[in-house]
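Novice: Just need the structure, nothing else, for what follows:
(chains A, B, C and D)
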Number of protein chains: 4
Amino acid sequence: MPPKLTPDEVNAFVAEAFPSAACGGMRCEALGEGTATARWSFDERELRPGGYISGPRIFGLADSALWFATFTVIGIEAMAVTSEMSVRFLRPAQNGDLLARAVINSAGARRLVGTIELWVDGAPDRLVAVAQGAYARP
Amino acid sequence: MPPKLTPDEVNAFVAEAFPSAACGGMRCEALGEGTATARWSFDERELRPGGYISGPRIFGLADSALWFATFTVIGIEAMAVTSEMSVRFLRPAQNGDLLARAVINSAGARRLVGTIELWVDGAPDRLVAVAQGAYARP
Amino acid sequence: MPPKLTPDEVNAFVAEAFPSAACGGMRCEALGEGTATARWSFDERELRPGGYISGPRIFGLADSALWFATFTVIGIEAMAVTSEMSVRFLRPAQNGDLLARAVINSAGARRLVGTIELWVDGAPDRLVAVAQGAYARP
Amino acid sequence: MPPKLTPDEVNAFVAEAFPSAACGGMRCEALGEGTATARWSFDERELRPGGYISGPRIFGLADSALWFATFTVIGIEAMAVTSEMSVRFLRPAQNGDLLARAVINSAGARRLVGTIELWVDGAPDRLVAVAQGAYARP
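Specialist: Modelled structure (predicted):
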């Protein structure tokens, strides 16, 4: 892991790079060697009927967590892009912040592959989704 | 296909069911037997740096197109939910409305599976993403 | 499409490159511009209990069809390798040859992405599986 | 986990249920609560040119490991079938037995979802593939 990389540095980078509302409410919460946790702060205005967190939001947080995890391998400067991602929705997500933890499974010359688990804050044993995907290196 | 199902009916249903901003800018554009086309109207405020349409937006439109396509098989009342979806990003999406066309590959008792192609309006031969996924029947 | 590429040429190439039993029973049946059809000849000895064609066989034929389709874009010499593939199983496959038709969705500098439909000979309207995946260019 | 379920019991069940060559060389090696490890014994006759273990073999072992893992949740009698699976190939697999470890991420009324890691015996830190998929309950 590049020395000194902290969630604050990642969040400052993202805030500068993605000023738009599209990233509203998502931030990096923790970083490890080849791992990252991202959090979406609960926002009632975004919910689906019934109070559910939407599929695109779940996809987006999984994607962000994997992106943050790539930073711990190739550095925060490198702008990798999502190549492909598959998401399995396991149960309704509601009534809390959404958390996503990504683990890098392999880092090749062209591609970083990782696996992501998502849950609602307070219920880490009841995953709401799992995902797996790849970032292409520039 | 249930008789008389039109894009206007789908859009009226979605507007009532999903009043939140989360569906902003997405609507049903065309329906066939087991197929649907969805459109996201270009909105600069949502773009990523460089002017790119975001991954979650692409995922969301693919998901919506597949959802609309399920209506043509099981009717607009039935609230199916996304079970799983994989998306492959093929090239940057920018400078125009985003279109997604879904085709239902099979409709079983429990699950509807479909394939989705996405492109920027005006460039149907240059797909920006393809996806494949399933809706679970309630 | 490289001129003159025929299923016979593909089959001769594969027979030489993959002499092992692992490819037993699979061959290229048709080629188009960015498309290919592969056939697995029914072999009772390979069936699962109940007479079903196995999941790995279905995966293998989808993978082969996509590989053959890449030949029509980058030529038969180029040895691309499967990067990732997702398969959805739609209904039991039994009592006949298995066919897979692949269509290339995009051909980039690094990666060819395609979509595959599979059915049992004689029942093209009853897909037994669909798949989507990518080959990495060498 | 159903009491007393052992790899030997799983292997005896599979040998009886799948007598054909299609399962040749694959067996259950370890079981835990919601986890299973499967092994394919190296067999030169199955290799691809260059000495590589084939993609369908990798898919098949991932699928088997996930199937064995479902036994620890719903019991060995229940005949679940693969619903969908995505596989990412990370590096060439060669020169040794192939191992796959599956973890069940969620077990719902209809569907069990799991994540699988694969490596060549002796190199658990160099994954050759990862997969994620679902079994449908009967």
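Novice: mean confidence score for the longest helix seen in chain A?
Specialist: Longest helix of chain A, by residue count under DSSP state H: helix A:55-74. If you average the pLDDT over helix A:55-74, you get 96.
Novice: next one: stretch A:32-42
Specialist: For stretch A:32-42, the per-residue pLDDT values average out at 96.
Novice: where does chain A dip in pLDDT?
Specialist: The model of chain A has pLDDT under 70 over residues A:1-3, A:20-24, A:78.
Novice: can you give me the strands for chain A?
Specialist: Taking DSSP state E as the test, the strands found in chain A are A:26-32, A:35-40, A:81-89, A:98-107, A:111-120, A:129-136.
Novice: The longest helix of chain A and chain B, any residue contact?
Specialist: Yes: with C-beta under 8 Å from any C-beta of the partner chain as the criterion, chain B is reached by helix A:55-74 at A:55-57, A:59-60, A:63. Placement of C-beta: from N, CA and C, glycine included.
Novice: so who does the residue of chain A found nearest chain C touch?
Specialist: Residue nearest to chain C within chain A: residue A:86 (5.7 Å; C-beta to the nearest C-beta). By C-beta atoms under 8 Å, 6 or more residues apart in numbering or on different chains, residue A:86 lies in contact with A:131-133, B:84-87, C:86, D:86, D:132.
Novice: same deal with residue A:30?
Specialist: Neighbours of residue A:30 in contact, by C-beta under 8 Å, 6+ apart: A:7, A:36-37.
Novice: re earlier: which of the strands of chain A sits most buried?
Specialist: strand A:129-136 (a mean of 26; mean count of other C-beta atoms under 10 Å in any protein chain shown).
Novice: relative to strand D:129-136, how tilted is that strand?
Specialist: In terms of direction (axes from the mean of the first three to the mean of the last three C-alpha atoms, to 10 degrees), strand A:129-136 departs from strand D:129-136 by 150 degrees.
Novice: neighbouring strands for strand A:129-136, and are they parallel or not?
Specialist: Looking at strand A:129-136 with DSSP bridges, its partner strands are strand A:81-89 (antiparallel), strand A:111-120 (antiparallel).
Novice: which residues sit against that strand?
Specialist: A:58-59, A:62-63, A:66-67, A:70, A:80-90, A:93, A:110-118, C:83-84, C:110, D:86, D:88, D:105-106, D:113, D:115, D:130-132.
Novice: Strand D:98-107 and that one, what's the angle between them?
Specialist: Using the same axes, to 10 degrees: strand A:129-136 against strand D:98-107 is 130 degrees.
Novice: residue contacts, the spatially most central residue of chain A?
Specialist: In chain A, the residue lying closest to the centroid (C-alpha atoms, centre = their mean) is residue A:65, at 2.0 Å. If you count contacts by C-beta under 8 Å, 6+ apart, residue A:65 has them with A:36-38, A:100-102, A:116.
Novice: Please report how far it lies from chain D.
Specialist: 15 Å (C-beta to the nearest C-beta, to the nearest Å).
Novice: what do you get for residue A:82?
Specialist: Residue A:82 is 13 Å from chain D, where distance means C-beta to the nearest C-beta.
Novice: what's the closest non-adjacent residue to that residue?
Specialist: Residue nearest to residue A:82 in three dimensions, not counting chain neighbours: residue B:55, with 5.1 Å by C-beta to C-beta, 6 or more residues apart in numbering or on different chains.
Novice: hang on, the earlier thing: would you turn the residues of helix A:55-74 next to chain B into TSV with neighbour count and distance to residue A:32?
Specialist: Below are these laid out as TSV (neighbours: other C-beta atoms under 10 Å in any protein chain shown; distance: C-beta to C-beta, whole Å):
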residue	neighbour count	distance to residue A:32
A:55	24	27
A:56	24	27
A:57	23	24
A:59	29	23
A:60	25	21
A:63	26	18
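Novice: Assess the claim that residue A:76 and residue A:14 are in contact.
Specialist: No: contact between residue A:76 and residue A:14 fails when scored by C-beta atoms under 8 Å: they sit 9.4 Å apart.
Novice: Which one's more surrounded, these two?
Specialist: Comparing residue A:76 with residue A:14 by other C-beta atoms under 10 Å in any protein chain shown, the one with more neighbours is residue A:14, at 20 against 17.
Novice: still on that earlier bit, from the residues of helix A:55-74 next to chain B, which single one is nearest residue B:26?
Specialist: Taking C-beta to C-beta as the measure, residue A:56 is the one of the residues of helix A:55-74 next to chain B closest to residue B:26, at 9.8 Å.
Novice: got a list of what the nearest residue in space to that closest one that is not next to it in sequence touches?
Specialist: Leaving aside its chain neighbours, residue A:56 sits nearest to residue B:60 (3.5 Å; criterion: C-beta to C-beta, 6+ apart). By C-beta under 8 Å, 6+ apart, the contact list for residue B:60 reads A:54-56, A:59, B:26, B:40.
Novice: so how far is residue A:136 from residue A:70?
Specialist: 10 Å (C-beta to C-beta, to the nearest Å).
Novice: and for these two, which residues touch both?
Specialist: With C-beta under 8 Å, 6+ apart as the test, residue A:70 and residue A:136 both reach residue A:80.
Novice: how about the residues of chain A near chain D?
Specialist: Going by C-beta under 8 Å from any C-beta, the residues of chain A near chain D are A:86, A:88, A:90-91, A:105-106, A:108, A:113, A:115, A:117, A:127, A:130-132, A:134.
Novice: Which members of the residues you listed define the maximum pairwise distance?
Specialist: A:91 and A:108 (33.2 Å).
Novice: doesn't residue A:99 make contact with residue A:64?
Specialist: No: between residue A:64 and residue A:99 there is no contact under C-beta under 8 Å: 11.3 Å.
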